[in-house]
Structure formats: C-alpha cells, structure tokens
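K.L.:
just coords:
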C-alpha cells in the first residue's frame, strides 16, 4: 500500500476537523524547556552518562492541540543526537450524543552524530464515545519512516483505547496492532497518573508482541515536583523499546532534570471531551502551570526521547544487533 493511500484518509479527516474546530475559542499557549542529566544503557553496550536540553512549544484549546518538541542530547561515550518535530491533534464538536471524531498526526526527524539520520511520520483518525467520566475510542491510520541509505517503509496501524478515573488516579488502556514492512506487531499499554498538591506522578507499562522477535516489555515512570509556579523538578526512568520506524535501539535510562516555564500568555479551562492522546503532558486548565492530568491519554504516535537514542558504532541501516534496520 502506497504512502499516499495511507495518508489520504487521515489528511481528509484532519481537514474536516480543522473546519469543525475553527469557531473562535481562546487559545492557551506555553513554552517550556527541560534540562536533565542521568545515565543511559542500550542493549549490548555499557552504561553511559547523559545530558540533554528539551524545549517544547504547545498551543491548545478544547478542540485543538499543537506541539513542537525537540531534544538535544549527548552521552559520555561521545554520541550526540538532535531530534524533534511537530504534532497536531484535532477533535470535532459532538456529531451525536457523546460521539466525536478526532485525528492526530506527527512527524519526527532524528540526526545522530556519526550515524544515519532518520525520520518518521504517523497519522490516525478515531471515532470516540466521550462523557464526563470514562471514554472509549477506535481508530485506524498509517505511517512511513526511513533511515538514510535505506528504502522507506510504510505501515498500517489500528488503535483501541479507553480512559477512566479510579479515585485520584486517571487510568488509560490502549492496544495498537501494526503491520510494518510485511510483518506485524502489537503494542499493549497501561498508563496511570495522579497528583497531590505540588506533586505529580505517572507510570506507563508497555508490552509488545512481535511476529519476528517475540514478546518484549518496556516501562516509564515519572515524578514531578512543582517547586514554584514556573519551575519543577522532574525524575524520569524506565526502558525504551526499539523504534521500528527509525531503527532506534532499545535501552534503559534514568534522568533528573529541571523544567522551566519560559512563556505563558494566558490560560483557558479546557472542557471534557474525547481527550487527545499524543499531546497530553500539559493540561492548560490546571492550576499548576507545568502540567497536570488530562482525560483520554493513550499511546503517543511519536515521542521525542529525552536521552541519546544512538550509540557510537551502531551501524547505518543494517538489521540485527544494535543496527538501524526497520524491525519491532
């Protein structure tokens, strides 16, 4: 299936939702930057110290969320990486009782020092049942990715996700079957987040079932403490799984950083609805200025990593080992 045929349905849905969400509405905005340091270890390599700087611009109202995130990171073995790209989420007004359409698209470019650059683009459209509490959405979409020097690959992706509150904890479940480069894999994710005063915490567990490489598991834990309305201490750790679109290797990491609010012109309370899934780290209706829980958090299509994703000598495009081939 061609990239054009994969992208066309999501492009049409994004255009429809853009028109649906074009009514005047207050738009919230903020610019943040996170500086962190820690340690990272990729499979079949030794542990290395890492440091990074990650700016992010976000614009959001009830039916739209846009973000541009980047990461400039390095490790003590001399590896360096620059990565970043935009993400867009749009949702329609209800078209029936508690029924909405939404769509998201994202792009990421990765440029490591001494290794091949790569990029990936993804899009997915959904129909969602929403309420003031739990919700459920079904979607389908596709994507493409390439590593310099290798042929581009295309993928067809499905998604089913749900969200609900269990007391003070917001919980999410998601299943994403994907057919990529002639084979399939499926990601199953369970996530939870909560807050207590100036403290926030979140956890995401990922189980991947792949036809070619069997079962693998990943996890990410994050704790955030708002020291002031414009500064927060962030501790993040976990394990990344291999990125099959850009060939980025799996690994474990632990970082400690400071997140600073650089610019925030105004706020606007966001209403209940379908909830966006790839751009959910900041809730503009929150009393805290650097983040809060939001409904409907699911799997991100693409995410800018906050630790170096390529180590020296990882290879340019070959599969196997820590090479940059397209495989789950």
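P.N.:
Perfect, thanks for sending it. None of these values were measured; they are calculated from a predicted model. Numbers count the residues shown, from 1 in each chain.
K.L.:
for the stretch 151-300 of the chain, what spans make up the helices?
P.N.:
Counting by DSSP state H, counting those that start in this stretch, the stretch 151-300 of the chain forms no helices at all.
K.L.:
can you map out the strands along it?
P.N.:
153-166, 169-180, 183-196, 199-210, 214-228, 231-240, 251-263 (DSSP state E, counting those that start in this stretch).
K.L.:
Residue 47: what's its closest spatial neighbour, skipping adjacent residues?
P.N.:
residue 41 (4.1 Å; C-beta to C-beta, 6 or more residues apart in numbering). C-beta: built from backbone N, CA, C; applies to glycine.
K.L.:
Can you tell me how far the one you found is from residue 158?
P.N.:
33 Å (C-beta to C-beta, to the nearest Å).
K.L.:
Helix or strand: which one has residue 146?
P.N.:
Here residue 146 sits within strand 135-147, counting by DSSP states H and E.
K.L.:
Next, the buried residues of that strand.
P.N.:
Within strand 135-147, the residues that qualify as buried are 135-137, 139, 141-147, counting by 16 or more other C-beta atoms under 10 Å.
K.L.:
Quick check: neighbours of it in the sheet, parallel or antiparallel?
P.N.:
Strand pairing for strand 135-147, determined by DSSP bridges: strand 118-129 (antiparallel), strand 153-166 (antiparallel).
K.L.:
any idea of the mean pLDDT for the first one?
P.N.:
Here strand 118-129 scores 92 as its mean pLDDT.
K.L.:
I'd like the numbering to begin with 2 instead of 1 from here.
P.N.:
In the new count, where the first residue is 2, that last one comes out as strand 119-130.
K.L.:
next one: that strand to chain centre, how far?
P.N.:
11 Å (C-alpha atoms, centre = their mean, to the nearest Å).
K.L.:
Output the below-cut-off pLDDT ranges for the stretch 202-329 of the chain.
P.N.:
Applying pLDDT under 70 to the stretch 202-329 of the chain flags residues 267-327.
K.L.:
try it again with 80
P.N.:
Along the stretch 202-329 of the chain, the model assigns pLDDT under 80 to residues 267-329.
K.L.:
Among the strands paired with strand 136-148, which comes closest to residue 212?
P.N.:
strand 154-167 (13.6 Å; C-beta to C-beta).
K.L.:
Pull out the buried residues from that closest one.
P.N.:
Buried, per 16+ other C-beta under 10 Å, within strand 154-167: 154-160, 162-164.
K.L.:
Also stretch 219-228?
P.N.:
Under 16+ other C-beta under 10 Å, the buried positions of stretch 219-228 are 219-221, 223, 225, 227.
K.L.:
Next: stretch 194-206.
P.N.:
Result for stretch 194-206 [16+ other C-beta under 10 Å]: buried residues 194-196, 201-205.
K.L.:
Dump those residues into JSON lines; add distance to residue 97 as well.
P.N.:
Shown next, in JSON lines, are the buried residues of stretch 194-206 (distance: C-beta to C-beta, whole Å):
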{"residue": "194", "distance to residue 97": "29"}
{"residue": "195", "distance to residue 97": "32"}
{"residue": "196", "distance to residue 97": "33"}
{"residue": "201", "distance to residue 97": "35"}
{"residue": "202", "distance to residue 97": "36"}
{"residue": "203", "distance to residue 97": "32"}
{"residue": "204", "distance to residue 97": "34"}
{"residue": "205", "distance to residue 97": "31"}
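K.L.:
from these, which two are the most distant?
P.N.:
196 and 205 (15.9 Å).
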